[in-house]
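Colleague: Let me see the structure of the following:
(chains A and B)
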Protein chains: 2
Amino acid sequence: MKNIYIIGVGLIGGSLALDIKQAYPTTKIFGIDNNEAHLDAALSLQIIDEKSTYDTLQKADLVILSIPVDYAVIELPKVLDLVNDNCLVIDVGSTKQDICKAVEKHAKRRNFLATHPIAGTEFSGPKAAIRNLYKGKTNIICEVEKTAFQLQEKALQMFSDIGLHMRYMNPEAHDKHIAYVSHLSHISSFMLGKTVIEKAQNERDIFDLAGSGFASTVRLAKSSPKMWTPIFKQNKENVIEILNAYIENLANFKAIMEADNFDEIFNEMENTNHIKDILNGIV
Amino acid sequence: MKNIYIIGVGLIGGSLALDIKQAYPTTKIFGIDNNEAHLDAALSLQIIDEKSTYDTLQKADLVILSIPVDYAVIELPKVLDLVNDNCLVIDVGSTKQDICKAVEKHAKRRNFLATHPIAGTEFSGPKAAIRNLYKGKTNIICEVEKTAFQLQEKALQMFSDIGLHMRYMNPEAHDKHIAYVSHLSHISSFMLGKTVIEKAQNERDIFDLAGSGFASTVRLAKSSPKMWTPIFKQNKENVIEILNAYIENLANFKAIMEADNFDEIFNEMENTNHIKDILNGIV
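Modeller: Sure, this is the predicted structure:
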């Protein structure tokens, strides 16, 4: 891989660029972004070697599409139209059904690999890009069988070289499970932040009392609405299903409190407490 | 302060013992706990210098009550009965109305100072005790005017020496605001954990996909039910009030999604996003 194109030089794309460059120092990283300031920042932060456009995509060996998922479904077919026959194109979005559907009949479908590295922070943009973000993390790969053998191999080698370990799922299972373990957490965080801000007549004073527990539960409320809105839109059904279950559990907890049944409140927590063991190993 | 008694040698009491010993190396730390294994652990971890009982409380210069809040309201009057006239007694619980009420008419009310250091982790027991837990953290002090001047001074000096900064509130305001920025976060975390565990037909597989975002939002679900049940019981009204507001916001978010109004979903997140700035400084 000589020429690598990163479309969307934010947290995810930028961090990939940094790790790939470290693993393969002789590659040249080209950046494409509709935000010129981000491109400039990526260049000066040495995340990319050169600013570029779709006009030169023909020479790409690898294209990484790391833009919000609503743009990804529009841009991916265009990118596939432009790349050469040996080029590997991957996306890294948090939903997989719509993107796989968007190119299922594309003549260059075998050039594409649908992936979702489970990594990130609550920050965004090229300045949020960090080295080793992917080390030891999980990369979900969907419909691997639809990608050309040689390009599968190329992709897996690269993921492995930057520290990712692979899990294979179909796009439907991916979107369902990720709604559970990622999308819901973002909504719970945003609404927790909203609720407390609303209650705070004097925000400064109230947040002055907040400790690390609160910070931890609302951390994801710092995430980018531009990135998350289309994720919720594309994964609407799964998200609503799990959100319903969450609201029901909260309402039930409240009802138990209202009934002064604190033995049962204890049980509610005790039964969930073994999440300790489940979570061991996740950072 | 020569003789310091820690009643309840868990995360909070144990960490206090470690920091106080570091600040005042010549003090002797006595441990009291109804869990003999915890006492032994505290001794072998050098959190306490000696195991003790209420029988010797008379010689205490400082008693720290760091036990679940349901036990605290029972034990505090007994402890005050036993200590000498110059002894300072503090509690460190997460609710302040009930404990203040429990001793409002006690003959030794002026020996007591009600405090709540906003610090902790999701772990519990003496093995969870860590040094410097309180450095740079906030300590809420309630009804300071009801404590004897000299004991106020003694307490504030000690808190300051282990890195805490003080905030003064009445018990009602404390319990209301802490429901917002701490108690709600624990419920949201426990119920998030419960919801995802219920959905996971094969837990191992689902949690294998979880990233740091999920881990962060469910971290508090590892907390001790024995400690948290009485907190929710004592702060029932405030907790139910904020839980209602949280459930309403979640239901509203869901309704907006169901109506396919994703511009409004964007706004919901955008409007909460400034929590970034509010949270700066809380770790």
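Colleague: what about the nearest residue to A:Ala23 once chain neighbours are set aside, distance to A:Ala148?
Modeller: Of all residues not flanking A:Ala23 in the chain, A:Asp161 sits nearest, at 4.4 Å (C-beta to C-beta, 6 or more residues apart in numbering or on different chains). Placement of C-beta: from N, CA and C, glycine included. Computed with C-beta to C-beta, to the nearest Å, the distance linking A:Asp161 and A:Ala148 is 20 Å.
Colleague: okay, now the residue nearest to A:Ala23: neighbour count?
Modeller: 13 (other C-beta atoms under 10 Å in any protein chain shown).
Colleague: Got the confidence number for it?
Modeller: pLDDT for A:Asp161: 98.
Colleague: Please apply the same query to A:Ile282.
Modeller: A:Ile282 is assigned a predicted lDDT (pLDDT) of 57.
Colleague: One more: A:Asp277?
Modeller: On the pLDDT scale, A:Asp277 is placed at 78.
Colleague: Is it in a helix, a strand, or coil?
Modeller: helix (DSSP: H, G, I helix; E, B strand; the rest coil).
Colleague: ditto for A:Ser182
Modeller: Reduced to three states by three-state DSSP, A:Ser182 is helix.
Colleague: For stretch A:224-241, give the mean pLDDT please.
Modeller: For stretch A:224-241, mean pLDDT is 97.
Colleague: how close does the residue most central in space within chain A get to A:His183?
Modeller: Nearest to the geometric centre of chain A sits A:Ser94, at 4.5 Å (C-alpha atoms, centre = their mean). Distance of A:Ser94 to A:His183, computed by C-beta to C-beta: 7 Å.
Colleague: same question, A:Glu153
Modeller: Separation of A:Glu153 from A:His183 (C-beta to C-beta): 31 Å.
Colleague: Over to A:His116?
Modeller: In terms of C-beta to C-beta, A:His116 sits 12 Å off from A:His183.
Colleague: residues shared between the contacts of these two?
Modeller: Residues touching both A:His116 and A:His183 by C-beta atoms under 8 Å, 6 or more residues apart in numbering or on different chains: A:Ser94.
Colleague: before we move on, back to that, can you work out which residues contact both of A:Ser94 and A:His183?
Modeller: A:231, A:235.
Colleague: right, and the residue nearest to the centre of chain A touches A:His116 too?
Modeller: Yes. The pair A:Ser94 / A:His116 is scored as a contact, 6.2 Å apart, by C-beta atoms under 8 Å.
Colleague: Name all residues that make contact with the residue nearest to A:Ser223 when sequence neighbours are not counted.
Modeller: Leaving aside its sequence neighbours, A:Ser223 sits nearest to A:Glu122 (C-beta to C-beta, 6+ apart; 5.1 Å). A:Glu122 sits next to A:219-223, B:213 when contact means C-beta under 8 Å, 6+ apart.
Colleague: ditto for A:Ile47
Modeller: Contacts for A:Ile47 (C-beta under 8 Å, 6+ apart) come out as A:6, A:9, A:14, A:17-18, A:29, A:31, A:126, A:129.
Colleague: Whichever of those residues end up buried, select them in PyMOL.
Modeller: Buried members of the contacts of A:Ile47, defined by 16 or more other C-beta atoms under 10 Å in any protein chain shown, are picked up in PyMOL with:
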select buried, chain A and resi 6+9+14+17+18+29+31+126+129
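Colleague: filter the contacts of A:Ile47 down to the ones near chain B?
Modeller: Filtering the contacts of A:Ile47 for proximity to chain B by C-beta under 8 Å from any C-beta of the partner chain leaves nothing.
Colleague: Relative to B:Ile178, how far out is A:Thr53?
Modeller: 54 Å.
Colleague: These two - which one has more neighbours?
Modeller: Taking other C-beta under 10 Å, A:Thr53 and B:Ile178 do not tie; B:Ile178 has more neighbours (27 against 9).
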